[in-house]
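> sequence and predicted structure below; questions after.
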2 protein chains.
Amino acid sequence: MVGNKKLDVVIYDTTLRDGSQGEGISFSLDDKLKIAKKLDELGVAYIEGGWPGSNPKDLEFFRQVKNMEFKNSRITAFSSTRKAGIPIKQDNNIKTLLESGAQTAAIFGKSWDFHVLRALETTLEENLRMVRDTVSYLKDKGLEVIFDAEHFFDGYINNPDYALQVLKTAEEAGADWVVLCDTNGGTMPWEVEKIILEVKKHIKAPLGIHAHNDSACAVTNSLMAVRAGCTQVQGTMNGFGERCGNADLCAVIPNLELKMGLRCLPEGKLKNLTEAAHYISEIANMPHYNNQPFVGYGAFAHKGGVHVSALLKDALTYEHINPEDVGNHRRVLVSELSGLSNLLYKAREFNMDINNYDARTREVIKMIKELENQGFQFEGADASLELLLRKGFGQYEDFFKLNNLKIILEKSEEDNITSEAMIKVTVGDKVFHTAAEGDGPVNALDNCLRKALTEVYPEISEMHLTDYKVRVLNGNEGTAAKVRVLIESSDQTSKWSTVGVSENIIEASWQALVDSINYLLMKRRMPK
Amino acid sequence: MVGNKKLDVVIYDTTLRDGSQGEGISFSLDDKLKIAKKLDELGVAYIEGGWPGSNPKDLEFFRQVKNMEFKNSRITAFSSTRKAGIPIKQDNNIKTLLESGAQTAAIFGKSWDFHVLRALETTLEENLRMVRDTVSYLKDKGLEVIFDAEHFFDGYINNPDYALQVLKTAEEAGADWVVLCDTNGGTMPWEVEKIILEVKKHIKAPLGIHAHNDSACAVTNSLMAVRAGCTQVQGTMNGFGERCGNADLCAVIPNLELKMGLRCLPEGKLKNLTEAAHYISEIANMPHYNNQPFVGYGAFAHKGGVHVSALLKDALTYEHINPEDVGNHRRVLVSELSGLSNLLYKAREFNMDINNYDARTREVIKMIKELENQGFQFEGADASLELLLRKGFGQYEDFFKLNNLKIILEKSEEDNITSEAMIKVTVGDKVFHTAAEGDGPVNALDNCLRKALTEVYPEISEMHLTDYKVRVLNGNEGTAAKVRVLIESSDQTSKWSTVGVSENIIEASWQALVDSINYLLMKRRMPK
């Protein structure tokens, strides 16, 4: 075990499995590994990595994850009970599950008679055998087994005896956990509470809850379930998931810890919640819902004049918790107060000694507000922010000057587009004029700029672009929309991020590229 | 009254007042009038139009709304209790409220002692007089008065005697409704229930609930309140509102009607809910949250292969309600997680008669898997999928042929990049060769292609690009990364989405653009 004994409730994250069923979400293998690492840092007890039997990407995930070290989380593998009518040893899903090397298995089985008959098209008795065979087989192999009773609440409402029989079968077969799933998300909170109190009379194994948000009750259903006796809550970060998503762990966790006084993360981890939520949205390339409780960028944003004037007297007047407890912060809209303190904080990080009485500080804040209005965002682009600050305080000059650039793209009948760039730049009194090709216009531009500058700044060859992201800001403008480009670069020792914004993706990429190179050159010339 | 007597619970919509405090929301007068009309069509009992005392726009709204006919809704005006220490007749807020001509007033007053002392900076006794004076004065003037007890739950938890005294004062002064507000959104559902059951022992006036979503419990808090005896629910469409928003009426209403069997809209109106929700998002110029319960575009979107194969057998297996009951509809997504059953389902949607024994079906599936490996994603690109299917079954030919295209981007010293495109295309035996500019390379390409084709296909001018999304697939390749472009287009009657993938963003955009135009031309030539 991983120190869960100190927890009142354990958190089971299924962002990588159920979350990936969300519309528009498609994780690469690398995405999955990064998210797993982040979830471990946050301190959830279980990370459901995927369904190894369903696709090769998930199987590969389990191969690679074995070599990573996890401090707080166990990696679990998902699968169904064995197929109807075959011996367990011949079931390919279970075979692949064992091959995956996962030490914990989450097995879902049917607990609604209607589903057994209509979806599985088998008998109620065979379904019970499927549950028993699968759980006991995996227990014999030494795995921890979590049994997910799919559609449990619908099943219980329609046929309580059979639904309970399924749970009992899993328990008798040795399941370590029995998890009650509201798969269709239609159950009301008072039904969840009543049914779990009933279940508690029959089942002694520890219980978990798995709720979906189709009725907008997933978070409450999870909390009610804990009150009724569940000690495991399953959900996803940001509530990602099919249809209306799963229970949002970003709301479940702080409610458990701050409202109900129940520990569900290792001590001190709750304040990482907002950062983890945003990181996972970024990786999933999903817009982060601004109003999301606790972790939304606007969750503590105050607009009403009445509210703001009361807040200035005492924050408790219009805030249900202290935003810092979940790593978020208060924002006051139409006010510069929030910007200033953040900027002073960042300047300290950059080892710059600035204060709020300095006219230049006000000037820089004004400029940042203006750029943010245009769509810039410096949260993910520290290097661009540092350049801006140093420019404002006269501590920086550009390392080169663009004379002109030209990009030509050509395509004929069956061929893909070819891309060429030409650039003329000046460094001091020298002019460099060169051309290069690339996989696309931005890549051609990147290649060409490096080629032009490497002669005078050879250190550029040690730097690599490690990430390139594009976000369309106002998609409803169609192809005339504004885009924000974020570029991450690195050399042997560090990583930095830069940003550009324009209606023209090439212009936006150019801005971010230029910042990225200038930042490297500046850092190399600073005293260590 | 407006026929509310047939309702079990009345809905009080505050989209136009509390909803307008949401970040990024700013309604014009015309917007407000349109939304009021739409809410009346939906059939909510009360529409809070604004706070006439707080700004001239709201006052003008009340002037104009008097001339409109409302079938189902009463327009209410919002205001605070009178200021401390002045006679009611001298209070400007109340004066303006009366001038507005509204027949119903919603008056908010403090019920948390801490707020009276810290925010209002007056005495507990004076606050009670403010409540009494304001309510009785408006009752004398013949208005219906709804008293909103601000911060009631926080107030009750901290000082139950005083909080109840405020309610009693409002009731004795003649308030028609007493509404319990969870202004900071921090109260847990079981606390809401317990406190309301307590209040019921002391207050005989009809009770209402006003919940905020800071703990992700606003919808359930509203439902719990109804179970405990409240007969009015306040909220906003789509949950718009400050910080994490108000209780989302788009979830409250269907839960009351479909889950709890309580009538809260006139008969037959519930099926207008999705349309009204989307209409109001459009007017507010807010993106409609895809996963929003009941009314989100993805609320009934199915992706997992297991789910879809069961759905084909019986929709009840994975849906908690019939989507048509709230005016929404089922969608099936085709993705790498899904299999044959999803494709067959989509084909049925496209009115194509295909089956899984046909060799061409297998061929198309193979091609889709191959394209998905390359980074294509069809779950958000139905039109590209339909073109692919029809090509596979010999039911489609391209409407034009590209001879060649060229894009030139130029930038000098301080100027932004300029973008020009040249295109030569063939339709039948005619060749069209033209050029156009744009805000960026893709916009130039888009403008140029339309210009080239509009002469022979004039219907292209009726079509618009309504959304443009870019996702970098393997960002760690830097600027040589592969990108996926999704384009959404629409004409007067429909919307469709297409996809393109390439290392070159221009190539990817070209693919999606071409699909988009071909799809329009194909649809226009199909028998209705």
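Yes, it's here.

> residues near the closest residue in space to A:R330 that isn't next to it in sequence, how many?
Sequence neighbours aside, A:F300 is the residue nearest to A:R330 in space, at 4.6 Å (criterion: Cβ to Cβ, 6 or more residues apart in numbering or on different chains). Every residue, glycine included, has its C-beta placed from N, CA and C. A:F300 has 25 neighbours, counted by other Cβ atoms under 10 Å in any protein chain shown.

> wait, isn't A:F300 in contact with A:D325?
No - at 10.9 Å, A:F300 does not count as touching A:D325 under the criterion of Cβ atoms under 8 Å.

> A:R227: what's it in contact with?
Taking Cβ atoms under 8 Å, 6 or more residues apart in numbering or on different chains, we find A:R227 in contact with A:193, A:260, B:190.

> quick one: it is in a strand?
No - assigned with DSSP: H, G, I helix; E, B strand; the rest coil, A:R227 falls outside any strand and is helix.

> now do it against B:P323, distance only.
32 Å (Cβ to Cβ, to the nearest Å).

> what residues are up against A:V514?
A:402, A:449.

> pLDDT (mean, whole number) over whatever helix or strand it lives in?
For A:V514, the host element (DSSP states H and E) is helix A:505-524. The average of the pLDDT scores along helix A:505-524 is 94.

> and stretch A:157-165, by the same measure?
pLDDT averaged over stretch A:157-165 gives 97.

> now it: buried residues?
Within stretch A:157-165, the residues scored as buried using 16 or more other Cβ atoms under 10 Å in any protein chain shown are A:159, A:162-165.

> okay, domains of chain A per the record?
A:9-284, A:300-335, A:336-399+A:457-528 (automatic domain parsing).

> make TSV from those and add distance to B:R331 to it.
As requested, the domains of chain A are exported to TSV (distance: least, Cβ to Cβ, whole Å):
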stretch	distance to B:R331
domain A:9-284	9
domain A:300-335	32
domain A:336-399+A:457-528	20
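
> and those, which one averages the lowest pLDDT?
Taking the mean pLDDT of the domains of chain A, domain A:300-335 comes last: a mean of 75.

> can you pull out the residues in contact with stretch A:316-328?
Stretch A:316-328 has contacts (Cβ under 8 Å, 6+ apart) with A:254, A:258, A:270-275, A:294-296, A:299-300, A:302, A:307, A:310-311, A:315, A:329-330, B:114-115, B:118-119, B:183-186, B:214-215.

> helix/strand/coil for the residue in the stretch 301-450 of chain A that chain B sits nearest to?
At 2.6 Å from chain B, A:H320 is the closest residue in the stretch 301-450 of chain A, using Cβ to the nearest Cβ. Following three-state DSSP, A:H320 is assigned to coil.

> report the buried members of the contacts of stretch A:316-328.
By neighbour count, with 16+ other Cβ under 10 Å, the contacts of stretch A:316-328 hold A:254, A:258, A:270, A:272-275, A:294-296, A:299-300, A:302, A:307, A:310-311, A:329-330, B:114-115, B:119, B:183-186, B:214-215 as buried.

> need the contact list for the residue sitting furthest away from the middle of chain A.
Largest separation from the mean C-alpha position in chain A: A:D429, at 47.9 Å (Cα atoms, centre = their mean). Applying Cβ under 8 Å, 6+ apart to A:D429 gives no contacts.

> any idea where the strands of the stretch 301-450 of chain A begin and end?
For the stretch 301-450 of chain A, the strands defined by DSSP state E, counting those that start in this stretch occupy A:301-302, A:331-332, A:401-412, A:418-427, A:430-438.

> for the first one, the distance to its chain's centre please.
The reference is to strand A:301-302. 24 Å (Cα atoms, centre = their mean, to the nearest Å).

> just give the closest residue to the residue of the stretch 1-150 of chain A found nearest chain B, not the sequence neighbours.
The nearest approach of the stretch 1-150 of chain A to chain B comes at A:A119, 3.9 Å away (Cβ to the nearest Cβ). Of all residues not flanking A:A119 in the chain, B:A310 sits nearest, at 3.9 Å (Cβ to Cβ, 6+ apart).

> name the helix or strand for A:Q234, please.
Using DSSP H and E, A:Q234 falls in strand A:232-235.

> that strand and chain B in contact?
No - on the criterion Cβ under 8 Å from any Cβ of the partner chain, strand A:232-235 is out of touch with chain B, staying 11.1 Å away.

> over to stretch A:266-281?
No - shown here: stretch A:266-281 not in contact with chain B (Cβ under 8 Å from any Cβ), separated by at least 12.9 Å.

> quick check: end-to-end length of that stretch?
The first residue of stretch A:266-281 is 23 Å away from its last residue (Cα to Cα, to the nearest Å).

> next one: that stretch to chain centre, how far?
Relative to its chain's centre, stretch A:266-281 lies at 10 Å (Cα atoms, centre = their mean).

> next, count neighbours for A:N72.
By other Cβ under 10 Å, neighbour count at A:N72 equals 20.

> list the contacts for the closest residue to it other than its chain neighbours?
Nearest non-adjacent residue to A:N72, counting by Cβ to Cβ, 6+ apart: A:G43, 4.3 Å away. By Cβ under 8 Å, 6+ apart, A:G43 lies in contact with A:71-73, A:265-266, A:269, A:272.

> helix/strand/coil for A:R118?
A:R118 - assigned by three-state DSSP - is helix.

> my guess is it meets B:S309, correct?
No - using Cβ under 8 Å as the test, A:R118 is too far from B:S309 to be in contact (11.3 Å).

> count the neighbours of the nearest residue to A:S509 once chain neighbours are set aside for me.
With Cβ to Cβ, 6+ apart as the criterion, A:S509 has its nearest non-adjacent residue at 4.4 Å, and that residue is A:V442. For A:V442, the count of nearby residues is 32 (other Cβ under 10 Å).

> thought A:V442 was touching A:I505?
Yes - using Cβ under 8 Å, A:V442 is in contact with A:I505, at 7.4 Å.

> between the two, which contacts overlap?
Taking Cβ under 8 Å, 6+ apart as the contact criterion, the common neighbours of A:V442 and A:I505 are B:I505.

> and stretch A:145-162, how far from the chain's centre?
The answer for stretch A:145-162 is 30 Å, by Cα atoms, centre = their mean.

> need the contact list for A:N272.
A:N272 makes contact with A:41-43, A:327, according to Cβ under 8 Å, 6+ apart.

> mind checking the SS state of it?
Going by three-state DSSP: A:N272 is helix.

> ok, it to B:P52 distance?
Note on A:N272: its distance to B:P52, by Cβ to Cβ, is 46 Å.

> now A:T361
41 Å.

> neighbour count for those two, which is higher?
Here A:T361 and B:P52 are compared on neighbour count by other Cβ under 10 Å; more neighbours surround B:P52, at 27 against 19.
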